[in-house]
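Asks: Predicted model, plus sequence, below.
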Amino acid sequence: MVLSSGRSRLLSLLGIAALTLSLAGRGSDEGSRLVVGLTIDGPIGPATQDYVERSLDAAISDQAELIVIRMDTPGGLDSAMRGIIKRISNSPVPIASYVAPTGARAASAGTYILYASHIAAMAPGTNLGAATPVQMGGLSPPTPKGADKGADKAEGKAEQEPDAGVGGDAMQHKLTNDAVAYIRGLAQLHDRNADWAEKAVREAASLPAAEALKLNVIDIVATGMGDLLAQVDGREVKLQGKPHTLQTAGALIRQLEPDWRSRLLSVITNPNVAYILLLVGIYGLIFEFSNPGAIVPGTVGAIALLLALYALQMLPINYAGMGLILLGVVLMVAEAFAPSFGVLGIGGVVSFIIGSIILMDTQVPGFGIDISIIVTFAVLSVLIFVFVVGMAIRARRHPVVSGMDELVGGTATVLADFQDKGTVNIHSETWQAKSAEPLRQGQQVRVTGIEGLVLRVEPLDTSTQE
């Protein structure tokens, strides 16, 4: 009896210990689940793509359960958007795009990213849409369906069905059709409303969060990160073509902010900053070449120019605009060297301004150059090249007033009679002198040249010679 009682007590203790370890292990597993948060705030460009891609790599290496991209963007560059979508589509970790906080939007490129994500979520009071592609000069304003047909009827023209609702030339139609096919493919990938996606591209349609949920454009309307994680817990998503069940209950949330590299890239790829760096680089090198040995202008100019070129190769620039800027600078420099009554200078300013305006080959919000910066640099360029450089050149043409060259043309006094070679005094200094005529002590002579340390002189008044 005693043995049996002891054995049963031992088995009970072992059972309790096993249950405790099991519960502890389960709690440890839940607590170890990680949700990584990223933030896209503002236009989507090269810096955003770099930040998202490197953050995704870090989250994947940490075996995160879910990655949440909080978005508030007016859109961005097509190349950066497609790069981000490729990483999202091939990610081994589910990704949720969350338009938040209240008042945020996912316009243009943001709509594509939302459609590409495994989970599409929005906060109340947010909107998405207006996904019409934009190129240089912009697309023509979207035309309501039927409006173009009515105009055709009024003019006696046949109705044309293709690309109704989209104005513009063949290139614009190609851009729109490509964008439609792209976003419909993303919609079908995650069983979302493809028809409305096409409408967002062709007609620049937009939706608030509640209507987007009703039309199956998004999956969730969440009031915050906690609400989002609670709603996606247990939800099944397609991950690389296979079903995957999310387990986000009790997960640890880690926010990844842009590091110094992403922040630096964000600064220099700002079109206004890249434009300023480009001009500072050009001006610095011009001043270095015009005054060799100054060192500082050349050093600063070379660094600024390299940073500008690195930024510009990541941005959609118009090379005709770049050529016009360089032509404008050349013409303004030419005006300083060879005054043409303002013709070269005015032509340079006009070329400079036009080139600056068309330098960025896109009308995407946040990727244009501020007109005030263009005007400011145009005025500064005129002042620098036409006045400052011009004054420096005119100063070089003035007679020399110091140094050995200043002796030429000066008057010296013969210290002792000599023929061929002797000594003279000029500016309180004694110099060796050489003359083709005999000279007397006290005679005034003119310095006509310098040979090493010997002055060539001639009599100032030949009538005094006997």
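Replies: Cool, got the structure. These numbers come from a predicted model, not from an experiment. Residues are numbered from 1 along each chain as shown.
Asks: Three-state assignment for Ala210, please.
Replies: When classified by DSSP: H, G, I helix; E, B strand; the rest coil, Ala210 comes out as helix.
Asks: Can you tell me, leaving aside adjacent residues, what's nearest to it?
Replies: Val221 (6.6 Å; Cβ to Cβ, 6 or more residues apart in numbering). Every residue, glycine included, has its C-beta placed from N, CA and C.
Asks: same question, Ile303
Replies: Closest residue to Ile303 apart from its sequence neighbours, by Cβ to Cβ, 6+ apart: Gly281 at 7.8 Å.
Asks: can you pull the contacts of Thr411?
Replies: Thr411 makes contact with 426, 444-447, 460, according to Cβ atoms under 8 Å, 6 or more residues apart in numbering.
Asks: at 6 Å instead, please
Replies: Taking Cβ atoms under 6 Å, 6 or more residues apart in numbering, we find Thr411 in contact with Gln444.
Asks: Could you measure from it over to Ser435?
Replies: In this view, Thr411 and Ser435 are 14 Å apart by Cβ to Cβ, to the nearest Å.
Asks: Outside of stretch 432-451 itself, list whatever touches it.
Replies: Applying Cβ under 6 Å, 6+ apart, the contact partners of stretch 432-451 are 407-408, 410-412, 414, 416-417, 419, 421-422, 424, 454-460.
Asks: buried subset of the residues you listed?
Replies: Buried by 16 or more other Cβ atoms under 10 Å: 407, 412, 414, 422, 424, 455-457, 459, out of the contacts of stretch 432-451.
Asks: Where does Trp81 fall, secondary structure wise?
Replies: Check again: residue 81 is Met, not Trp. Using DSSP states H and E, Met81 falls within helix 78-89.
Asks: Return the distance of that helix from the chain's centre.
Replies: From the chain centre to the centre of helix 78-89 is a distance of 18 Å (Cα atoms, centre = their mean, to the nearest Å).
Asks: Which residues belonging to that helix are considered buried?
Replies: For helix 78-89, the neighbour count (16+ other Cβ under 10 Å) marks 78, 80-81, 83-85, 87-88 as buried.
Asks: same for that helix, what does it pack against?
Replies: Counting contacts by 3 or more Cβ pairs under 6 Å, 6 or more residues apart in numbering; DSSP states H and E, helix 78-89 packs against helix 46-61, helix 109-116.
Asks: quick one, it and helix 109-116 angle?
Replies: If you take axes from the mean of the first three to the mean of the last three Cα atoms, to 10 degrees, helix 78-89 sits at 20 degrees to helix 109-116.
Asks: Averaged pLDDT, helix 78-89. What do you get?
Replies: On average, the pLDDT along helix 78-89 is 92.
Asks: angle of that helix against helix 46-61?
Replies: Orientation check (the same axes, to 10 degrees): helix 78-89 against helix 46-61 gives 10 degrees.
Asks: CA atoms only for helix 78-89, dumped as PDB, please.
Replies: Extracted C-alpha coordinates of helix 78-89, given in PDB (Å, rounded to 0.1, in the frame of the first residue of the first chain):
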ATOM      1  CA  ASP A  78       7.200  53.100 -61.500                       C
ATOM      2  CA  SER A  79      10.700  51.500 -61.300                       C
ATOM      3  CA  ALA A  80      10.800  51.800 -57.400                       C
ATOM      4  CA  MET A  81       7.200  50.500 -57.100                       C
ATOM      5  CA  ARG A  82       7.900  47.500 -59.300                       C
ATOM      6  CA  GLY A  83      11.000  46.700 -57.400                       C
ATOM      7  CA  ILE A  84       9.100  46.700 -54.100                       C
ATOM      8  CA  ILE A  85       6.300  44.600 -55.500                       C
ATOM      9  CA  LYS A  86       8.800  42.000 -56.800                       C
ATOM     10  CA  ARG A  87      10.200  41.600 -53.300                       C
ATOM     11  CA  ILE A  88       6.700  41.300 -51.800                       C
ATOM     12  CA  SER A  89       5.600  38.700 -54.300                       C
END
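Asks: Can you list the neighbours in contact with it?
Replies: Contacts to helix 78-89, defined as Cβ under 6 Å, 6+ apart, come from residues 44-46, 49, 52-53, 56, 95, 109, 112, 116-117.
Asks: As JSON lines, the residues you listed with distance to Leu331, pLDDT and neighbour count would be great.
Replies: Formatted as JSON lines, the contacts of helix 78-89 follow (distance: Cβ to Cβ, whole Å; pLDDT from 0 to 100; neighbours: other Cβ atoms under 10 Å):
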{"residue": "Ile44", "distance to Leu331": "37", "pLDDT": "91", "neighbour count": "29"}
{"residue": "Gly45", "distance to Leu331": "32", "pLDDT": "89", "neighbour count": "25"}
{"residue": "Pro46", "distance to Leu331": "32", "pLDDT": "90", "neighbour count": "20"}
{"residue": "Gln49", "distance to Leu331": "38", "pLDDT": "92", "neighbour count": "23"}
{"residue": "Val52", "distance to Leu331": "43", "pLDDT": "94", "neighbour count": "26"}
{"residue": "Glu53", "distance to Leu331": "43", "pLDDT": "93", "neighbour count": "13"}
{"residue": "Leu56", "distance to Leu331": "48", "pLDDT": "94", "neighbour count": "24"}
{"residue": "Ile95", "distance to Leu331": "52", "pLDDT": "95", "neighbour count": "26"}
{"residue": "Ala109", "distance to Leu331": "38", "pLDDT": "91", "neighbour count": "28"}
{"residue": "Tyr112", "distance to Leu331": "43", "pLDDT": "95", "neighbour count": "26"}
{"residue": "Ala116", "distance to Leu331": "48", "pLDDT": "94", "neighbour count": "25"}
{"residue": "Ser117", "distance to Leu331": "51", "pLDDT": "94", "neighbour count": "27"}
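Asks: what about Tyr98, helix or strand, and which?
Replies: Using DSSP H and E, Tyr98 falls in strand 95-99.
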